[in-house]
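Q: can you look at this prediction? I've put the sequence above it.
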Amino acid sequence: MVQFSPQSRFKIRVALVWGTLLTAFAAFVAGFDLQFSFVREKLPSLLGLELTPEGMLQGVPLTLLVCVGAMLISVVLGLAAALGRLSHSALAYGIATFYTSFFRGTPLLVQILLIYLGIPQLGPVPPAIPSGIIALSLCYGAYLSEIFRSAITAIARGQWEAGRALGLTDRQILGEIILPQALKIAIPPSGAMFISMLKDSSLVSVMGLWEIMFLAQSYGRSSYRYMEMLLTAAIIYWALSLLLEMLQAHLERRLHGNRPA
């Protein structure tokens, strides 16, 4: 008789729970009398396997382009704002706290519209894709700043004192001792923020970008098959979120010496 370890038995039970819930979800979806031929027809566009009539990206590739760009910029903004909030400079602290207060205290949709509709009134007319990336970056950079600030302050003060005892400057201590340790603490909440960003990227559809939600709404509206398109979009977002969760788990294992996440 095959003997399973406690960990294997736990994984089997989790798989059974997932299987049960997926079956229940499938039964729930089946009650909508969906037209799957319509889904198959539109799925290539949603997945980005086809370009727009102008030869531009659409669907999943466009969503990923906006999200990856926003992730990279938001990390830089978040770290800069976190360091500003920890600074003894009144100027740096004031800018950092104003930035985080405004972008955490106003809706993302309002920020997107302010950037996309407000900037053209000042003269320059930014393209939709950079506008979407900037809006997501500014918003999530503000949230990441709190994550990074908390991770940095979680490192024992003795680490700074030990670095100074070795003759290191504060900048060297921060870059070589504090930030590598803070990174381990910041990865899980940052991963959650990036997953949230992926879903909130659907708001850039108001700019006319042909990303996942824009296409789903357009196809649903033109054919009155809203439920097919909304469920398809939901499953695509879910699959992308699962990929991000797997990447986050991999990074956590790497940073913690390959211990199980």
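A: Okay, I see it.
Q: alpha carbons only for contacts and neighbour counts from here, please
A: Fine.
Q: now that Gly48 has come up, it's in contact with Leu57, right?
A: Yes - if you go by Cα atoms under 8 Å, Gly48 and Leu57 touch, sitting 6.8 Å apart.
Q: list the buried ones in stretch 27-46?
A: 34, 39, 42-43, 45-46 (16 or more other Cα atoms under 10 Å).
Q: just stretch 210-230 next, same as before
A: In stretch 210-230, counting by 16+ other Cα under 10 Å, buried: 210-217, 219-220, 225-230.
Q: nearest to Ser137, out of those residues: which one, please.
A: Comparing the buried residues of stretch 210-230 against Ser137 with Cα to Cα places Glu211 closest, at 17.3 Å.
Q: got phi/psi on the closest residue to the closest one other than its chain neighbours?
A: The spatial neighbour of Glu211 that comes closest, neighbours along the chain excluded (Cα to Cα, 6 or more residues apart in numbering), is Gly59 at 4.3 Å. Dihedral angles of Gly59 (phi, psi; degrees, to the nearest 10) stand at phi 70, psi -140.
Q: can you check Tyr224 too?
A: Note on Tyr224: its backbone torsions stand at phi 60, psi 30 [degrees, to the nearest 10].
Q: same deal with Phe32?
A: phi -90, psi 0.
Q: need the contact list for the closest residue in space to it that isn't next to it in sequence.
A: Excluding the flanking residues, the one nearest Phe32 by Cα to Cα, 6+ apart is Met227, at 7.8 Å. Applying Cα atoms under 8 Å, 6 or more residues apart in numbering to Met227 gives the contacts 32, 34, 220.
Q: the stretch 151-261 of the chain: helices as residue ranges?
A: Counting by DSSP state H, counting those that start in this stretch, the stretch 151-261 of the chain has helices at residues 157-165, 170-173, 179-200, 212-223, 226-255.
Q: distance of Gln248 from Ala26?
A: According to Cα to Cα, to the nearest Å, Gln248 stands 28 Å off from Ala26.
Q: again with Ala151
A: Distance from Ala151 to Ala26, by Cα to Cα: 41 Å.
Q: who has more neighbours, the two?
A: More neighbours surround Ala151 than the other of Ala151 and Ala26, with 20 against 11 (other Cα atoms under 10 Å).
Q: looking at it, that one is touching Pro188, isn't it?
A: No - using Cα under 8 Å, Ala151 is not in contact with Pro188; the gap is 11.0 Å.
Q: any weak-confidence spans in the stretch 1-150 of the chain?
A: Within the stretch 1-150 of the chain, the ranges that satisfy pLDDT under 70 run 1-2.
Q: what sits up against stretch 38-47?
A: For stretch 38-47, the surrounding residues in contact (Cα under 8 Å, 6+ apart) are 50-51, 58-61, 211-212, 215-216, 219, 228-229, 232-233.
Q: same question, stretch 188-197
A: Contacts with stretch 188-197, where a contact means Cα under 8 Å, 6+ apart, come from 67, 71, 136, 140, 143-144, 147, 241, 244-245, 248, 252.
Q: quick one: which of these is most hemmed in?
A: Within those, most neighbours by other Cα under 10 Å means Leu136, with 28 neighbours.
Q: what helix or strand does that residue sit in?
A: Using DSSP states H and E, Leu136 maps to helix 128-154.
Q: which other helices and strands does that helix contact?
A: helix 60-85, helix 90-105, helix 108-113, helix 179-200 (3 or more Cα pairs under 8 Å, 6 or more residues apart in numbering; DSSP states H and E).
Q: dump the second one to PDB, restricted to CA.
A: This means helix 90-105. C-alpha atoms of helix 90-105 as PDB (Å, rounded to 0.1, in the frame of the first residue of the first chain):
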ATOM      1  CA  ALA A  90      12.000  68.600   5.300                       C
ATOM      2  CA  LEU A  91      11.900  69.000   1.500                       C
ATOM      3  CA  ALA A  92      12.200  65.300   0.800                       C
ATOM      4  CA  TYR A  93       9.800  64.400   3.600                       C
ATOM      5  CA  GLY A  94       7.200  66.900   2.500                       C
ATOM      6  CA  ILE A  95       7.300  65.800  -1.100                       C
ATOM      7  CA  ALA A  96       7.100  62.200  -0.200                       C
ATOM      8  CA  THR A  97       4.200  62.600   2.300                       C
ATOM      9  CA  PHE A  98       2.200  64.800  -0.100                       C
ATOM     10  CA  TYR A  99       2.700  62.300  -3.000                       C
ATOM     11  CA  THR A 100       1.700  59.300  -0.900                       C
ATOM     12  CA  SER A 101      -1.300  61.100   0.700                       C
ATOM     13  CA  PHE A 102      -2.700  62.300  -2.700                       C
ATOM     14  CA  PHE A 103      -2.300  59.100  -4.700                       C
ATOM     15  CA  ARG A 104      -3.500  56.900  -1.900                       C
ATOM     16  CA  GLY A 105      -6.400  59.200  -1.000                       C
END
